[in-house]
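> coordinates only, no sequence provided:
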């Protein structure tokens, strides 16, 4: 793989803080070259009207203007021996923690092609799925980030294809009918299902212009795995309250909003699951409970808390939710003496009441596990969407290299998927 790195010589002079970042990017590329022996590096200065500047434009590198209106570039094109190309249009300083994986995965893609595992995606109530003209996923930030590691495939109500090891289900209202059967059978065959459930889905409500939250009832499905999600109460914590910008009495100001919870690393159960997750921000999260019948339904199983708020917690009914009210009137909150469980994983051999496939009445399906399966429940779907996780709004049209994470929300999701698949997504590369 040959890397053509385009760096305008005046880039660091026009954008303070980039001098060290440029050296950092150069260092990674030189390190990769020395480790592999099969990666060469060429550094070009795309001065105005030069051949290098024309190449940078033709490849689609992101143009940045200097103080005089001249175009600057700081991006790369990776070219394989058989002329496959991969473009990183801009090395944002704000993505420095992601730069190494961006480069390594780009090298892998251009040299090996799409030899990536397939990840199933289902988001029935959010505008995250296909473009209108083909089966590609729109470039929402977390989907773009996942595409660095996985081939994304929409899953519907039919049986989950064998090539899919993990299904990511985002914001379901119900899990019923043929889709419920498909997910149950997937888990019983040793597959993984990660559910981002939300009883107060802020992004969906904004998108669909909903005044009241939708009725969420996924407990009939969850109960098979000894899990339950409260269908009404939303978790709150005044000590970990995030900031919201809100006009009040004609004055715009920031207020503490206890339903936007800033979690720290001691709230996130690491235990070899999460690598560098220290700051997780969740929005209007629900509450998760383990059912008392765990030993009956899960054989040789484990219940793993993932996100736990240990103390000083409160709740509020989703029907009482109002950002204005809760930012200014804390009396609406009710004390919650127990620790608040916001994320949990159950892994083991499951026993599910035998049922008949609704689409094939004569076909008897599995009622017990062939292999250990895994179900993960996170009581929030908003935390991976753009406005919660990145510096972008919820536009669906931007490159994965052109957003900066606000927190570790996306890394949390990537690490979680890698863990349930029992792989380190960067190890083989």
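On my side now, so go ahead. Predicted, not measured: the structure shown is a model, and the values here were computed from it. Residues are numbered from 1 along each chain as shown.

> where along the stretch 301-429 of the chain do the helices fall?
Assigned by DSSP state H, counting those that start in this stretch, the helices in the stretch 301-429 of the chain fall at 323-328, 386-389, 409-420.

> do a quick rundown of the strands in the stretch 201-350 of the chain.
For the stretch 201-350 of the chain, the strands defined by DSSP state E, counting those that start in this stretch cover 227-229, 233-236, 241-248, 251-264, 279-283, 288-290, 298-309, 313-317, 334-336, 340-350.

> so can I have TSV of these showing mean neighbour count?
Where you see a C-beta, it was placed from the backbone N, CA and C, and this is true even at glycine. Output for the strands of the stretch 201-350 of the chain, formatted as TSV (neighbours: other C-beta atoms under 10 Å):
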stretch	mean neighbour count
strand 227-229	21
strand 233-236	24
strand 241-248	14
strand 251-264	17
strand 279-283	23
strand 288-290	18
strand 298-309	18
strand 313-317	19
strand 334-336	13
strand 340-350	22
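
> comparing those strands by mean pLDDT, which bottoms out?
For the strands of the stretch 201-350 of the chain, the weakest mean pLDDT is recorded on strand 241-248, namely a mean of 72.

> where does pLDDT dip in the stretch 1-150 of the chain?
Along the stretch 1-150 of the chain, segments meeting pLDDT under 70 span 114, 127-139.

> try 90 this time
For the stretch 1-150 of the chain, the stretches flagged by pLDDT under 90 are 16-17, 32-38, 66-69, 82, 94-98, 101, 105, 108-117, 123-150.

> of the strands of the stretch 201-350 of the chain, which is nearest residue 12?
The closest of those to residue 12 is strand 279-283. By C-beta to C-beta, the value is 28.1 Å.

> so how far is that closest one from its chain's centroid?
12 Å (C-alpha atoms, centre = their mean, to the nearest Å).

> ok and that strand relative to strand 340-350, angle-wise?
Put simply, strand 279-283 runs at 100 degrees to strand 340-350, going by axes from the mean of the first three to the mean of the last three C-alpha atoms, to 10 degrees.

> partner strands of strand 279-283, with direction?
Under the criterion DSSP bridges, strand 279-283 sits next to strand 251-264 (antiparallel) in its sheet.

> and the angle from the strand it pairs with to helix 409-420?
Using the same axes, to 10 degrees: strand 251-264 against helix 409-420 is 20 degrees.

> for strand 251-264, what is the distance to the chain centroid?
22 Å.

> please renumber the chain so that the first residue is 21 from this point on.
Yes, from this point I'll number from 21; that puts the last item at strand 271-284.

> contacting residues around the residue nearest to residue 41 when sequence neighbours are not counted?
Spatially, and ignoring its direct neighbours in sequence, residue 41 is nearest to residue 113 (4.5 Å; C-beta to C-beta, 6 or more residues apart in numbering). Contact partners of residue 113, counting by C-beta atoms under 8 Å, 6 or more residues apart in numbering, are 35, 37, 38, 41.

> count of neighbours near the third one?
Right, the one you point to is residue 38. Using other C-beta atoms under 10 Å, residue 38 is surrounded by 20 other residues.

> quick check: it touching residue 94?
Yes: with contact defined as C-beta atoms under 8 Å, residue 38 reaches residue 94; the gap is 7.3 Å.

> find residues that contact each of those two.
Listed contacts common to residue 38 and residue 94 are residue 31; contacts here mean C-beta under 8 Å, 6+ apart.

> distance to residue 22 for the contacts of residue 113 - can I get that in a markdown table?
Converted to a markdown table, these look like this (distance: C-beta to C-beta, whole Å):
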| residue | distance to residue 22 |
| --- | --- |
| 35 | 27 |
| 37 | 29 |
| 38 | 24 |
| 41 | 23 |
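
> closest to residue 30 out of the strands of the stretch 221-370 of the chain?
Closest among the strands of the stretch 221-370 of the chain, using C-beta to C-beta: strand 299-303, at 34.0 Å.

> contact partners of the closest one?
Residues outside strand 299-303 that contact it (C-beta under 8 Å, 6+ apart): 222, 262, 279-285, 287-288, 327, 362, 399-400, 402-403, 408-409, 426-429, 432.
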